[in-house]
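> Just a sequence and a predicted model for now, questions to come.
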Amino acid sequence: MTSFGKVVEYSAKHPKPANTTFSYGTAGFRTIGDTLESTLFRVGLLAALRSQSKQGKVIGVMITASHNHERDNGVKLVDPMGEMLQQSWESYCTQIANAETDDEVVQVLTSIAQTENIDLSITPRVVYARDTRPSGPLLQAALEDGLAALNANATSYGVVTTPQLHYFVRCLNTADTPVAYGEPTEAGYYEKYGQAFLRLVDGRSQPSKLYIDAANGVGAPQVRKLADTLKSPYFNIEVRNSDTETLGKLNIDCGADYVKSNQRQPAGMSLEPGSRYCSFDGDADRIVYYYADENGSFRLLDGDKIATLVATYLRDLVSTANIDDLEVGVVQTAYANGNSTSYIKDTLKLPTVFAKTGVKHLHHEAERMNIGVYFEANGHGTILFNPSAVSKLQNATPQTPAEADAIQRLWNLRDLINESVGDAISDMLLVEAILICKGWSLAQWDAAYNDLPSRLLKVVVNDRTIFKTTNAEQTLTSPPELQDVVNSLVAKYPRGRSFVRPSGTEDAVRVYAEAATRTDCDQLAYSVAGAVFDRAGGRGERPDEFL
Ligand code: 16G
Ligand code: MG
């Protein structure tokens, strides 16, 4: 096929490493950066094909490995509305990444083009960006070769956060339509979210300084640009862990994942009671807040706390706005702390559902709700207003100034959030706006409910593919009988809950447990992990610290 005429020649420059298998996982390809050159080249080809399959809409490619080690890298594709790549294409990614020869690469392209009935005469349009990792430039060059091989109209956004790239894709594909999302530039991004923030907080008391741990990643320069654009006392920040130049610092002892996993402050931050802190991850799509209470103890405000804060605020606005049948719902994963779920159901009286781990799963569940708030406990999430909510807001006829104000605030909130994907910077503005409007400290926010003690463990097994789950990953269907064992262990502990799932990003199985007390929780976690180890081919050391 002539359309693929240049592919073999270009592909020969980026040979696939022998004896390596790549797999498009929860968040794209992710592994040691130096091994990904052929994959990036091929992702370039596939991004071009994906654009053609969407009649030339712009497709995004983000080169990042998020919160992982600096030597790792990865890549994921962004679909036209700024959402994650449609799942049916993930297997094409895996297929093309594993083609053993240059000819086979062409065969895979040809077969996808046939299966998807793609018009290869369409000019593909692709935009791409990378985070601060040292392997980024090399991988970007390989990607560019893939795009050139298919004559794509390709544009680089340089070094930006993952959610910024999602935003650009959505802006480009909605330009000059009734759902135009914004200017597809960095300045447009800061302007859109920044101005919505200022509209929401106008006239309120100014907050104290917010200390931001940027994980020594791309969030550091980007959040500073936001502050430079805003120049507002409502956005009074100090960025820590902002060294993106020195090798070996990215995500080390800092960042949202470190803070959430270790339940402690990052390096470079000593917590003063009364002060306010948050952490981004390495590509700035996750955020968690924290503070020291009056005894100096560390208190975490994770994705569950953000979800409940946001849901409370939205629920109250919707109720004041007095619009019929406009409903707020919350999407969580099984990792959500049990007390957050109870709080949403019993206190807020809002519907809540569980989705599988990974933003794409939560996003799709949230799309079914009028106003869907979705957050993973790790700090990844956003809010979606579906078309029915938008038309209800448009058609609303406020009867009082209070109703009109609430409707205006809902519009401003919608402009403040990145509807394409979870975004640390936009989520931070959202949390800040709500806290400013409520006049709340972090301790007041934290007071809504107390987390149940929880523990997350990792078990290395011979073959994690034997682990199959159902019920939003809360129940194992394979290996046989293991779920019965988990159930009997859980039954021993008041408020006990535990589940086992294969990781989508690492070669391991994860065990989550929570219970009424720390001791019970740890016993439950380690006994479930021990059962997994014994009955499902555990490797290395048995996890039995507490038994
Ligand atoms: C990826 C996901 C994140 C999820 C994590 C789970 C995206 C963009 N990222 O980082 O949402 O929490 O994987 O990892 O979807 P695990 O499967 O290894 O537990
Ligand atoms: Mg990330």
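Thanks, I have it. Ligands and ions are numbered 1, 2, ... in the order given.

> from here on, contacts and neighbour counts on C-alpha atoms
Fine.

> how many neighbours does residue 294 have?
Neighbour count of residue 294, defined by other CA atoms under 10 Å: 11.

> ok, it touching residue 273?
Yes: judged on CA atoms under 8 Å, residue 294 makes contact with residue 273 at a distance of 5.7 Å.

> Pretty sure residue 426 is one of the things residue 193 touches, is it not?
Yes: the criterion here is CA under 8 Å, and residue 193 meets it with residue 426 at 6.6 Å.

> Now do stretch 173-189: distance to the chain's middle.
Here stretch 173-189 is found 21 Å from its chain centre; the criterion is CA atoms, centre = their mean, to the nearest Å.

> From ligand 2, how far out is the spatially most central residue of the chain?
Nearest to the geometric centre of the chain sits residue 380, at 4.2 Å (CA atoms, centre = their mean). Between residue 380 and ligand 2 the distance is 8 Å, computed by CA to the ion, to the nearest Å.

> cool, and residue 212?
16 Å.

> partners of that residue in the sheet?
Beta-bridge pairing of residue 212 under DSSP bridges involves residue 239, residue 278.

> Buried residues, the helix or strand hosting residue 191. List them.
Element membership of residue 191, judged by DSSP states H and E, is helix 186-201. Neighbour-count burial for helix 186-201, with 16 or more other CA atoms under 10 Å as criterion, is recorded at 186, 189-198, 200-201.

> Now list whatever residues contact both of residue 193 and residue 426.
Common contacts of residue 193 and residue 426 (CA atoms under 8 Å, 6 or more residues apart in numbering): 416-417.

> thinking again about what came up before, identify the residues contacting the nearest residue in space to the residue nearest to the centre of the chain that is not next to it in sequence.
Closest residue to residue 380 apart from its sequence neighbours, by CA to CA, 6 or more residues apart in numbering: residue 286 at 4.6 Å. Going by CA under 8 Å, 6+ apart, residue 286 touches 256, 280, 378-381, 422-424.

> Identify those among the residues you listed that sit within helices.
Among these, the members found in helices (DSSP state H) are 256, 424.

> Can you convert the contacts of residue 286 into a markdown table and add a column each for distance to residue 73 and pLDDT?
Formatted as a markdown table, those follow (distance: CA to CA, whole Å; pLDDT from 0 to 100):
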| residue | distance to residue 73 | pLDDT |
| --- | --- | --- |
| 256 | 18 | 98 |
| 280 | 18 | 98 |
| 378 | 20 | 97 |
| 379 | 21 | 98 |
| 380 | 19 | 97 |
| 381 | 22 | 98 |
| 422 | 20 | 97 |
| 423 | 19 | 98 |
| 424 | 20 | 98 |
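
> Output the set of residues of the protein in proximity to ligand 2.
Proximity of the chain to ligand 2 is confined to 66, 283, 285 under the rule CA under 5 Å from the ion.

> let's see it at 8 Å
For the chain, the residues found near ligand 2 under the criterion CA under 8 Å from the ion are 65-67, 162, 281-286, 380.

> For those residues, work out which two are farthest apart.
Spatially, the most separated pair among the residues of the chain next to ligand 2 is 65 and 380, at 14.8 Å (CA to CA).

> Residue ranges of each domain in the chain, please.
5-159, 186-301, 303-422, 454-535 (automatic domain parsing).

> Span of the shortest one from start to end?
It refers to domain 454-535. 23 Å (CA to CA, to the nearest Å).

> Also stretch 212-220?
Rule used - CA to CA; the end-to-end distance of stretch 212-220 is 8 Å.

> Run the chain-centre distance for that stretch.
16 Å.

> Now do it, average pLDDT.
For stretch 212-220, mean pLDDT is 98.

> Pull the number of nearby residues for the closest residue to ligand 1 within the stretch 1-150 of the chain.
Ligand 1 sits closest to residue 27 of the stretch 1-150 of the chain, with a gap of 4.6 Å, by CA to the nearest ligand atom. Residues near residue 27, counting by other CA under 10 Å, number 20.

> One more: the one 10 residues further on?
With neighbours defined by other CA under 10 Å, the count for residue 37 comes to 22.

> Same check on residue 491?
12.

> Could I get the contacting residues of it?
By CA under 8 Å, 6+ apart, residue 491 has no neighbours at all.

> So for it, what's the pLDDT?
Here the pLDDT value assigned to residue 491 is 98.

> wait, which of the residues of the chain next to ligand 2 is closest to ligand 1?
residue 380 (6.2 Å).

> before we move on, the earlier item: could the buried residues of helix 186-201 go into TSV alongside pLDDT?
Shown next, in TSV, are the buried residues of helix 186-201 (pLDDT from 0 to 100):
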residue	pLDDT
186	98
189	98
190	98
191	97
192	98
193	98
194	98
195	98
196	98
197	98
198	98
200	98
201	98
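
> How far off centre is stretch 411-431?
That offset, for stretch 411-431, works out to 13 Å (CA atoms, centre = their mean).

> Other residues contacting that stretch?
81-83, 163, 166-167, 170, 192-194, 196-197, 199-200, 219, 223, 280, 284-287, 306, 309-310, 359, 363, 380-385.

> next one: stretch 228-243
By CA under 8 Å, 6+ apart, stretch 228-243 touches 190-191, 194-195, 198, 201, 206-217, 220-221, 224, 227, 249-250, 254, 268-269.

> how about it: buried residues?
Buried-residue list, stretch 228-243, by 16+ other CA under 10 Å: 230, 234-235, 237, 239-243.

> ok, how many other residues are close to residue 450?
Neighbour tally, residue 450, other CA under 10 Å: 13.

> and the closest residue to it other than its chain neighbours, what is it in contact with?
Of all residues not flanking residue 450 in the chain, residue 339 sits nearest, at 6.9 Å (CA to CA, 6+ apart). If a contact means CA under 8 Å, 6+ apart, then residue 339 has 449-452 as its contacts.

> Please convert the residues you listed to TSV, extending it with distance to ligand 1, secondary structure and pLDDT.
Formatted as TSV, those follow (distance: CA to the nearest ligand atom, whole Å; DSSP: H, G, I helix; E, B strand; the rest coil; pLDDT from 0 to 100):
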residue	distance to ligand 1	secondary structure	pLDDT
449	23	coil	97
450	22	coil	97
451	19	coil	96
452	20	coil	97
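
> burial of the closest residue to ligand 2 within the chain, as a residue count?
Closest residue of the chain to ligand 2, CA to the ion: residue 66 (3.9 Å). The number of residues packed near residue 66 is 28, by other CA under 10 Å.
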